[in-house]
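Trainee: all I have is the shape, not the residue letters:
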């Protein structure tokens, strides 16, 4: 019997949320010219989904997936406390989103695709360019007084069934490549398209 360890169960729960909750919202968004970025806020204790969202830049260049998720979180009546939640981002948060996460009070951040993948695999280089041009650094400090930020794939080396995790990752990556192609071929109205 193959019993999952805590990291495996956490990894697969995060992947469930990406596949079942974030991807459908992202598909709707890319068809309207929004980028492929999505996010969710999840309770840390029991990993229940509180809010899932995607990029809404067709409405405003500030409505990145993480920022929009935070907006929706704070609009909920009786939402949990932010320090009771974690942020799951499909892509490593940009400098604006990283700051919004800190301001929002979320102490734990996980992401699936890093900046290099966002640039190379999805042809969206703006995050890296902006953080380097404005802040003269390659990425936000992942372990700071506001939150810790970790790549979801960093859990895989400790898993019993690494092959299953990698297979699932590759399937989600292929789905995001499809979503990126839709975005790349759509009419864009934002300045950083």
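Mentor: In hand now; what should we look at? The shown structure was predicted, so the numbers you read here are calculated from the model rather than taken from an experiment.

Trainee: name the helices or strands packed onto the helix or strand of the chain with the lowest mean pLDDT?
Mentor: None of the helices or strands of the chain scores lower by mean pLDDT, DSSP states H and E than helix 115-120, at a mean of 78. Under the contact criterion of 3 or more Cβ pairs under 8 Å, 6 or more residues apart in numbering; DSSP states H and E, helix 115-120 touches helix 126-135. (Each C-beta comes from the backbone N, C-alpha and C, glycine too.)

Trainee: distance from the chain centre to the helix it packs on, please.
Mentor: Relative to its chain's centre, helix 126-135 lies at 18 Å (Cα atoms, centre = their mean, to the nearest Å).

Trainee: got the contact list for the residue lying closest to residue 52 once chain neighbours are set aside?
Mentor: Among residues not flanking residue 52 along the chain, residue 21 sits closest, at 3.8 Å (Cβ to Cβ, 6 or more residues apart in numbering). Contacts for residue 21 (Cβ atoms under 8 Å, 6 or more residues apart in numbering) come out as 40, 49, 52.

Trainee: any idea which of those is closest to residue 102?
Mentor: residue 40 (17.6 Å; Cβ to Cβ).

Trainee: now that closest one: phi and psi?
Mentor: The phi and psi values for residue 40, taken as degrees, to the nearest 10, are phi -150, psi 150.

Trainee: hmm, residue 73 and it touching each other?
Mentor: No. Under the criterion of Cβ atoms under 8 Å, residue 40 is not in contact with residue 73, lying 9.7 Å apart.

Trainee: next, show the common contact partners of the two.
Mentor: Shared contacts of residue 40 and residue 73 (Cβ under 8 Å, 6+ apart): 50-51.

Trainee: compare those two (neighbour count), which wins?
Mentor: Between residue 40 and residue 73, counted using other Cβ atoms under 10 Å, the more crowded position is residue 40 (27 against 21).

Trainee: contacts only, for the more buried one.
Mentor: Residue 40 touches 17-18, 21-22, 49-53, 69, 87-88, counting by Cβ under 8 Å, 6+ apart.

Trainee: could I get those residues as a markdown table with distance to residue 186 and secondary structure?
Mentor: Formatted as a markdown table, these follow (distance: Cβ to Cβ, whole Å; DSSP: H, G, I helix; E, B strand; the rest coil):
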| residue | distance to residue 186 | secondary structure |
| --- | --- | --- |
| 17 | 25 | helix |
| 18 | 21 | helix |
| 21 | 22 | helix |
| 22 | 19 | helix |
| 49 | 27 | strand |
| 50 | 29 | strand |
| 51 | 25 | strand |
| 52 | 22 | strand |
| 53 | 19 | strand |
| 69 | 22 | helix |
| 87 | 27 | strand |
| 88 | 25 | strand |
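
Trainee: my read: residue 22 touches residue 37, true?
Mentor: No. If you go by Cβ under 8 Å, residue 22 and residue 37 don't touch, sitting 9.4 Å apart.

Trainee: I'm done for today, thanks for sticking with me.
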